[in-house]
Structures are given as C-alpha cells and as structure tokens.
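Participant: What follows is a predicted structure for the sequence shown.
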Amino acid sequence: MIALSLAEIAAVVGGQTHDIPDPSVQVTGPVVRDSREVESGSLFVAFVGERVDGHDFAAQVVEAGAVAVLASHPVGVPAIVVDDVQKALGALARDVVRRLGATLVALTGSAGKTSTKDLIAQVLQHKAPTVWTPGSLNNEIGLPLTALSATEETQFLVLEMGARGIGHIRYLAELTPPKIGLVLNVGTAHIGEFGGREQIAQAKGELVEGLPPAADGGTAVLNADDPLVRAMASRTKAKVILFGESDEADVRAENVRLTDTGQPAFRLRTPSGDSDVTMRLYGEHHVSNALAAAAVAHELGMSAEEIATALSEAGSLSRWRMEVTERPDGVTVVNDAYNANPESMRAALRALVAMGRGRRTWAVLGKMAELGDEALAEHDAVGRLAVRLNVSKLVAVGGIEASWLQLGAYNEGSWGEESVHVSDAQAAVDLLRSQLRPGDVVLVKASRSVGLESVAAALLGAEGEVAAR
C-alpha cells in the first residue's frame, strides 16, 4: 500500500485510535485479513467470521510486525476502531485509489473472469507495473484488499468483480472507479440467485453504467458475440470497443484452430494491426478470453505484435483452472475443479476431447451449484454433451445432481461402462485407479463446494499404482 499514517487512516475511515502512542506511525506493508500474511508495517483487518474472530489474533499480529489493527472494538494493542470494519476497508480502498496514478481496469461476466483477468494482467505487465486480483477474490472484501496492494509504482490495476445480486457490481465500482470496464458474457452461473439471464445482464451492466464518459477516457469493452452484453452499449456514455469472432468486432480472431495438444491458435486482428497467437492455455474457450484481454491492451496503447507476444507467453496464474499435468506413465490430468457452470462445463468437455485425439478420455464431473430451477435441465444437457462429443468415460460424482448428469448421458445413448455414478470423490479415485491406462486423459470439474480437486491430487500422487492395460 502507499504509505499512510495511522492518523490519516483513522480520518479516512472515520475511526477512533486506541492504544496508539504515536499516530504518525505509517502503514508501509500490506493490508491483510489473514494473520499468516502479516509483514512488518502491515495493517491487520479484523473480521468476525463464522468460525474465527480476527480480533482474537490482535496481539499476535502486532508481535509479528503489524503497526495496528482495524477493529470493531478495542483489542489491547494499537487499533483503529470503527463501527463497520467492512465499510471502513472499502472507504480506505476508495481513498487510496483516488491517490494513485494507476489506470483501473475492471471486468465481470458469468464465466471466464479469473482466466481473463490473469491474461490481462500478464499482457499489461509487458507494458508497465501491474497489480491484479489474486485468484477469485472479487467481492466486497477481496476487491478493496487488492486495490490496497497497489503502490506508487503501479501503472495498471486490474480488478475482477463478482456479483450475486443487483447492486453488487455498482457498489464495487463505486469503491474502485474503473476507467476501462470489460463485460465478458451473460450465462447461467448463479441463475438460481438472480432469477434469470435478464437479471444477470442487469447486474453485470452496472459496470459500464459507472464508467466515465468517452471525453474523460472511459471505455466499455463488450463481447460482440453475446447479444445481452452487446446491448449494454446503450447503457454507457463511455467509448465502446467490441471484441469477438464477429466481423463487426473491433478486436477479433480469424482462422481459429486448436493445436494437436488442444491449445488455441488464431490470427489476432486489431484496429492497429494483425499478428498471430498460439496460446499455452488449453481449450478454444480461451480465444474469447484472449480477445477481451487484447481489446483492453489495445485501448491502453499496445501494438498487435506486443499483444500477440504477451498472449502467446501467458500461462495460468490461478489454481485448479485447466491445470494440465502429465504423469510419468503418460496419463494426463486436467484439474479444472475450482468451479463450474454450464458454460464452463461445455468448454472444458470440448477441450478434453481436443486434447484426447486418439486417446481415451475421462470426464469426472460433479454438481454445478446455484442453478435453481434450471439445475436438472442443465446437468442433463452436460451429460448428453459428453456423449455427443464421444468422451470415452463419464464419471458422475456426488448426489442427485450427479445422477442427472449420468441420466443425460444414458438418455443420449451411453450405456454400460461408458457412464457411471459414484457416491463421492474417494469412490471416483478408486474407480480411476483400477481402470486408468497409460496415455488416458482425465478431466476433473465441478463446483467448488464438491471438492473434486482431491481427485486430481490423488491421481497425481499415485502414478505407480496405475496398472498398464
């Protein structure tokens, strides 16, 4: 964080100082909520969780080097006490962002946010120092913590914004007002909470509504291939740039193809020139993510050649998102278990098949959460798609939603051992260990709550247990 004194912070957040002998002492380290991340000069933010109360760690974090605690009550060590810790954290982030000279880029969408954010960050790093959201910390706590990690040297601040209802994006954009706002897509993720795709579009479009007008440098980057996103152009006074495979897109891809290993390649076309891209990531769905990143980078002055080079070098920065590992016996494990929705499931299955190409393919799939009344139909559709794509083996893991996956496969013509329903992750591991052959490709994917990353971990720790068949 940029250096601020405890007195300055207290004034910004409307707090009272307690047990602080010298209010001129500065916070020079990171602002953190996890006591394990405290460094010398840190400000520790004490949240009260379901199982842990951050206030209980106050003495420990000060001993570890924190200069003070942002708390809701006195804690016996240097503290700034406020009525609402979360609101105070947001106010501090808003003030620090105002002081920064960095260009803020914010993005949202139903699917692909984290992968696209990671691409944007890696591309912009080629131009200037960049700070970005770690993992998927995109809510009212994670976003301000990310913003506060920026320093005087930061030129670009890339912030992922998530939403579970109307008004959430608007709140985040008010905390950290972006100059460039990117909307990727409107899908069915969290549709059970929103009530429909139109409501999701309403929520995601709050990002472009909050952008400055074009005369002040505001730019909305919108997906030309998604009608609900493209329609958001009417909701902003900012300049509009379209990306996609449509001929009408300002930044688009041509000659899209997959390499023999399932990695996308294409000709990048921008208003400033063209260049070829071959990505290190896996799956054709990354083409749209790459185009979104390219549109942002183009708007910030990078050439087509610079963008193409950066995209071709970019890798995955966040865990359990199409992580591809090949074991010594030739079994390839694709760990995409961080989260799942219908759009990302379809993309992952297509990537699995592209990577397979003459090898046996396994889709180890679990529940897609928060689909509401659409849950049965969406799980059924994914099961059917696995059969239509000729996935060799479908392993549906878990409860009723997993049974719907298998039922969809069965109704599409998958009988016998081509699809199976198992009770839990351990049962899936046992099945795979007994039946995997050298050279097989295994995709593991489900919503985060299912915890299927444990299946990938078990497979990657058991190379010697796979019998050659």
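Facilitator: Received, thanks. Numbering: from 1, shown residues only.
Participant: Every contact and neighbour count from this point should use C-alpha atoms.
Facilitator: Will do.
Participant: Quick check: residue 10 is in a helix.
Facilitator: Yes - using DSSP: H, G, I helix; E, B strand; the rest coil, the assignment for residue 10 is a helix.
Participant: Tell me how far it lies from residue 324.
Facilitator: 47 Å (C-alpha to C-alpha, to the nearest Å).
Participant: Among these two, which residue is more densely surrounded?
Facilitator: Taking neighbours as other C-alpha atoms under 10 Å, residue 10 and residue 324 compare with residue 10 leading, 20 against 17.
Participant: what's the spacing between the more buried one and residue 65?
Facilitator: In terms of C-alpha to C-alpha, residue 10 sits 19 Å off from residue 65.
Participant: Setting aside sequence neighbours, what's the nearest residue to residue 213?
Facilitator: Nearest residue to residue 213, sequence neighbours excluded (C-alpha to C-alpha, 6 or more residues apart in numbering): residue 238, at 4.2 Å.
Participant: and the one you found, how many residues sit next to it?
Facilitator: Residue 238 is flanked by 25 other residues according to other C-alpha under 10 Å.
Participant: show me the contacts for it.
Facilitator: For residue 238, the contact set (C-alpha atoms under 8 Å, 6 or more residues apart in numbering) comprises 208, 211-215, 217-220.
Participant: And it, how close does it get to residue 220?
Facilitator: Distance of residue 238 to residue 220, computed by C-alpha to C-alpha: 6 Å.
Participant: tell me, what's touching these two both at once?
Facilitator: In contact with both residue 238 and residue 220: 208, 211, using C-alpha under 8 Å, 6+ apart.
Participant: Can you give the strand pairings for whichever strand or helix holds residue 105, parallel or anti for each?
Facilitator: Residue 105 belongs to strand 103-108 when assigned by DSSP states H and E. Using DSSP bridges, strand 103-108 pairs in its sheet with strand 156-160 (parallel), strand 180-183 (parallel).
Participant: Tell me which of these is the most buried.
Facilitator: Greatest average neighbour count among those goes to strand 180-183 (a mean of 28), per mean count of other C-alpha atoms under 10 Å.
Participant: Give me the residues contacting that strand.
Facilitator: Residues from elsewhere that reach strand 180-183, judged by C-alpha under 8 Å, 6+ apart: 104-109, 204-205, 207-208, 211, 218-223, 229, 292, 296.
Participant: Return stretch 296-313 as PDB; C-alpha atoms alone will do.
Facilitator: Taking Å, rounded to 0.1, in the frame of the first residue of the first chain, the C-alpha atoms of stretch 296-313 are listed here in PDB:
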ATOM      1  CA  VAL A 296      -8.100  -3.800 -23.200                       C
ATOM      2  CA  ALA A 297      -4.400  -3.800 -24.100                       C
ATOM      3  CA  HIS A 298      -5.100  -2.200 -27.500                       C
ATOM      4  CA  GLU A 299      -7.000   0.600 -25.800                       C
ATOM      5  CA  LEU A 300      -4.000   1.100 -23.400                       C
ATOM      6  CA  GLY A 301      -1.700   1.600 -26.400                       C
ATOM      7  CA  MET A 302      -0.100  -1.800 -27.000                       C
ATOM      8  CA  SER A 303       0.600  -2.900 -30.600                       C
ATOM      9  CA  ALA A 304      -0.900  -6.000 -32.100                       C
ATOM     10  CA  GLU A 305       2.600  -7.600 -32.100                       C
ATOM     11  CA  GLU A 306       3.200  -6.800 -28.500                       C
ATOM     12  CA  ILE A 307      -0.200  -8.100 -27.500                       C
ATOM     13  CA  ALA A 308       0.200 -11.300 -29.500                       C
ATOM     14  CA  THR A 309       3.600 -12.000 -28.000                       C
ATOM     15  CA  ALA A 310       2.300 -11.500 -24.500                       C
ATOM     16  CA  LEU A 311      -0.800 -13.700 -25.100                       C
ATOM     17  CA  SER A 312       1.500 -16.400 -26.500                       C
ATOM     18  CA  GLU A 313       3.600 -16.400 -23.400                       C
END
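Participant: For it, give me every contacting residue.
Facilitator: Contacts of stretch 296-313 (C-alpha under 8 Å, 6+ apart): 119-120, 122-124, 126-127, 180, 182, 221, 268-270, 272-280, 290, 294.
Participant: Separate out the buried members of those.
Facilitator: Applying 16 or more other C-alpha atoms under 10 Å to these, the neighbour count classes 119-120, 122-124, 127, 180, 182, 221, 268-270, 274-280, 290, 294 as buried.
Participant: I'd like to know which of these are part of helices.
Facilitator: Members of the buried ones among the contacts of stretch 296-313 lying in helices (criterion: DSSP state H): 119-120, 122-124, 290, 294.
Participant: In TSV, list those residues along with distance to residue 452 and pLDDT.
Facilitator: Output for those, formatted as TSV (distance: C-alpha to C-alpha, whole Å; pLDDT from 0 to 100):
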residue	distance to residue 452	pLDDT
119	25	97
120	28	98
122	28	98
123	31	98
124	33	98
290	27	98
294	32	98
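Participant: Farthest-apart pair in these, please.
Facilitator: 124 and 290 (12.6 Å; C-alpha to C-alpha).
Participant: that's a helix at residue 348, yeah?
Facilitator: Yes - counting by three-state DSSP, residue 348 is found in a helix.
Participant: Next, count neighbours for the nearest residue to it once chain neighbours are set aside.
Facilitator: Spatially, and ignoring its direct neighbours in sequence, residue 348 is nearest to residue 283 (7.0 Å; C-alpha to C-alpha, 6+ apart). Burial measure for residue 283: 25 neighbouring residues, criterion other C-alpha under 10 Å.
Participant: now swap in residue 128 and tell me
Facilitator: 12.
Participant: From residue 153, how far out is it?
Facilitator: Using C-alpha to C-alpha, one gets 9 Å for the distance from residue 128 to residue 153.
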